[in-house]
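# Sequence below, structure please.
(chains A and B)
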Amino acid sequence: MYGFEAMTFNVHSGYLEAIVRGYRSGLLTAADYNNLCQCETLDDIKMHLSATEYGPYLQNEPSPLHTTTIVEKCTLKLVDEYKHMLCQATEPLSTFLEYITYGHMIDNVVLIVTGTLHERDVQELLEKCHPLGMFDSIATLAVAQNMRELYRLVLVDTPLAPYFSECITSEDLDDMNIEIMRNTLYKAYLEDFYRFCKKLGGATAEIMSDLLSFEADRRAVNITINSIGTELTREDRKNLYSSFGLLYPYGHEELAACEDIDQVRAVMEKYPPYQSIFSKLSYGESQMLDKAFYEEEVKRLCLSFEQQFHFGVFFAYMRLKEQEIRNLMWISECVAQNQKSRVHDSVVFIF
Amino acid sequence: MSGQSQRLNVVPTVTMLGVMKARLIGATRGHALLKKKSDALTVQFRQILKKIVSTKESMGDIMKTSSFALTEAKYVAGENIKHIVLENVQNASLKVRSRQENVAGVKLPKFEYFSDGETKNDLTGLARGGQQVQQCRAAYVKAIEVLVELASLQTSFLTLDEAIKTTNRRVNALENVVKPRLENTINYIKGELDELEREDFFRLKKIQGYKKREIERQQLAAKQFAEEQFAEKVSLQKGISINLAHNFLSAAMQKDEDIIF
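You can find the predicted model right below:
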């Protein structure tokens, strides 16, 4: 099926691909970031942003401006664009677009469940959820008293149902640590997404499997590093690694056995794509690892725009937008806290 | 102040004098002790002040570092990390205790923090950002340390300030009111006693004078009488009673009606 997409793709999805490419050209450039880094106050940032695509969203905010407000409004823009695309989409693009947001949905569900366990107010919890991950029956999550009810009443109707039944039995739900639950769900989600993309075939399958493998490998490395020194056993750790990606299965075996960062580095340097990332770090340091991963991700996402007639551009655009929002948050916080010298530490330029 | 050096209204007796003197000694000793206490408290006060200044400066830096650590965590682990952590919390794991410390007789409150129970949040941000979250946690724990210390220092500062003011008030009261009053009272009593003594003395002297004159008069009278008796005796021997003669003379001096010329 590879190669004939040019004939049929535009029939259903040509309009939306054009829209997404238009959105992509509205992303902030390096020149914009340089301007923003020179700002002295949050009002300067607001002024610069009003010249970009974010203008209409920020111009009604009264000063004094808060960093959280800036982030909120930018996220709002992303949500608006997403909804616009979603309501114009047909199958299979609409399912694809929904898949993109399941990650946030998982986060929201876990947040509400923990909040309810500790008896917090439902309305407050709903406000703290990520807007991209909202679904209709989310408020009813708070009603459930324990996990079994939770699954039976609420989750069965959501798209997350198969993830719960696949990997978590009802006994596990009760006494599992929240983080482990979140990561198990996410693993199931990634595998499901991977299978879906493979089913779509063609350029979509190729590009998306590359992006998703990178995501899975990155998560595996992070889980390994973050669980060094905690009570997570090797078995548990291995259960959290997704079953695809460059590191599967041999890399996962080795990672599960790692006890400190240098061992992780030794494992990763056997795989050429990750060797370049780890060579940027000096021995024993892992702070810059996250930024290095973000940079690599952004590079791969930008590459996906080079090809036409596939769904990968949508996924790439969402991720790039999220990275941009992260950059904006970082810059505004540095400006607000008077730490201008650290601004360039973590801003990842997209173009 | 009116009546600044008044004296107490007391009966000026010797016992009272003794009582007043005892009180004056007590007041003097109390004054010396309180002055020493005030000096000790002032020394402590200055030390605490120095510590407060340095702690406040370091607190500014530490709060800045910890807010920035939070920003880093938010960058890597996503904006929602704050909510995720907050929702997962059951009890506070760092708590503050207070206890009393005795400094130069003043009870100062002191706060210290202690860990009560382990947090189960070691796995937060497992997939991304876990390290930053732990670093942020460490930074904020340090900030709490500094804050608790600063709180103890500031409460001690305020309490010491109060105590110093009270002690100084007492010292000044003793020095400027109580002691002068007591001294004045003592002087008054002494003065009164002296005056009484002088009155007594004067009375004694007067009485002595009377007695002496009385005695002299009596002596004089006795001597005259003795001389008369002697003369009478002598004249009787000569056959004439001088007394009678005297009586005749005195009678003759008086006019007799019978005698015409």
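
# count of residues packed around residue 140?
Just so you know, I chose chain A. Look at A:Thr140: counted by other C-beta atoms under 10 Å in any protein chain shown, it has 14 neighbours. For glycine as for every other residue, the C-beta is placed from the backbone atoms N, C-alpha and C.

# You answered for a different chain; I wanted chain B.
19.

# following the one helix or strand it maps to, which helix or strand comes up?
Applying DSSP states H and E as the criterion places B:Tyr140 in helix B:130-173. Downstream of helix B:130-173, the next assigned helix or strand under DSSP H and E is helix B:179-238.

# any idea of the angle that next one forms with helix B:130-173?
Computed with axes from the mean of the first three to the mean of the last three C-alpha atoms, to 10 degrees, the direction of helix B:179-238 lies at 20 degrees from that of helix B:130-173.

# on contacts alone, who are the packing partners of helix B:179-238?
Packing partners of helix B:179-238 (3 or more C-beta pairs under 8 Å, 6 or more residues apart in numbering or on different chains; DSSP states H and E): helix B:14-77, helix B:242-253.

# now the shortest one against helix B:179-238, angle please.
Using the same axes, to 10 degrees, the interaxial angle of helix B:242-253 with respect to helix B:179-238 works out to 90 degrees.

# Quick check, pLDDT for A:Ala142.
With respect to pLDDT, A:Ala142 has a value of 69.

# Which stretch among the helices and strands packed on helix B:179-238 is buried most, on average?
helix B:14-77 (a mean of 16; mean count of other C-beta atoms under 10 Å in any protein chain shown).

# what helices or strands is it leaning on?
In this structure, helix B:14-77 makes packing contacts with helix A:312-336, helix B:81-87, helix B:130-173, helix B:179-238, judged by 3+ C-beta pairs under 8 Å, 6+ apart.

# roughly how far out does that helix sit from the chain middle?
How far helix B:14-77 lies from its chain's middle: 23 Å, per C-alpha atoms, centre = their mean, to the nearest Å.

# ranges for the helices of the stretch 251-351 of chain A?
Per DSSP state H, counting those that start in this stretch, the stretch 251-351 of chain A carries helices over the ranges A:261-268, A:272-279, A:287-304, A:312-336, A:343-346.

# Is the fourth one in proximity to chain B?
Put plainly, it is helix A:312-336. Yes - under the criterion of C-beta under 8 Å from any C-beta of the partner chain, chain B is reached by helix A:312-336 at A:326, A:329-330, A:333-334.

# Need the helices and strands packed on helix B:14-77 in CSV (columns: mean pLDDT).
Shown next, in CSV, are those (pLDDT from 0 to 100):
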stretch, mean pLDDT
helix A:312-336, 90
helix B:81-87, 81
helix B:130-173, 91
helix B:179-238, 92
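
# Comparing those, which comes out most buried?
Using mean count of other C-beta under 10 Å, the stretch among the helices and strands packed on helix B:14-77 with the greatest mean number of neighbours is helix A:312-336 (a mean of 22).

# Taking helix A:287-304 as reference, get the angle to it.
Per the same axes, to 10 degrees, the angle that helix A:312-336 makes with helix A:287-304 is 140 degrees.

# so helix A:312-336 versus helix B:14-77, what angle?
In terms of direction (the same axes, to 10 degrees), helix A:312-336 departs from helix B:14-77 by 150 degrees.

# Looking at the stretch 51-200 of chain B, which residue is nearest chain A?
Nearest to chain A, among the residues of the stretch 51-200 of chain B, is B:Gly130, at 3.1 Å (C-beta to the nearest C-beta).

# Leaving aside the residues adjacent along the chain, what's closest to that residue?
In space, and not counting its chain neighbours, B:Gly130 is closest to A:Asn226: 3.1 Å by C-beta to C-beta, 6 or more residues apart in numbering or on different chains.

# Contact partners for the one you found?
Going by C-beta atoms under 8 Å, 6 or more residues apart in numbering or on different chains, A:Asn226 touches B:123, B:125-127, B:130-131.

# So for it, what's the pLDDT?
Per-residue confidence (pLDDT) for A:Asn226: 84.

# dump the residue contacts of A:Gln323.
A:294, A:297-298, A:348, A:350.

# Contacts only, for A:Pro159.
By C-beta under 8 Å, 6+ apart, the residues touching A:Pro159 are A:98, A:102, A:105, A:135.

# re the thing from before, which of the contacts of A:Asn226 lies closest to A:Thr67?
A:Thr67 has its nearest neighbour among the contacts of A:Asn226 in B:Gly125, at 20.1 Å by C-beta to C-beta.

# What is the helix holding B:Tyr140 packed up against?
Here helix B:130-173 touches helix A:202-226, helix A:287-304, helix B:14-77, strand B:94-103, strand B:106-115, going by 3+ C-beta pairs under 8 Å, 6+ apart.
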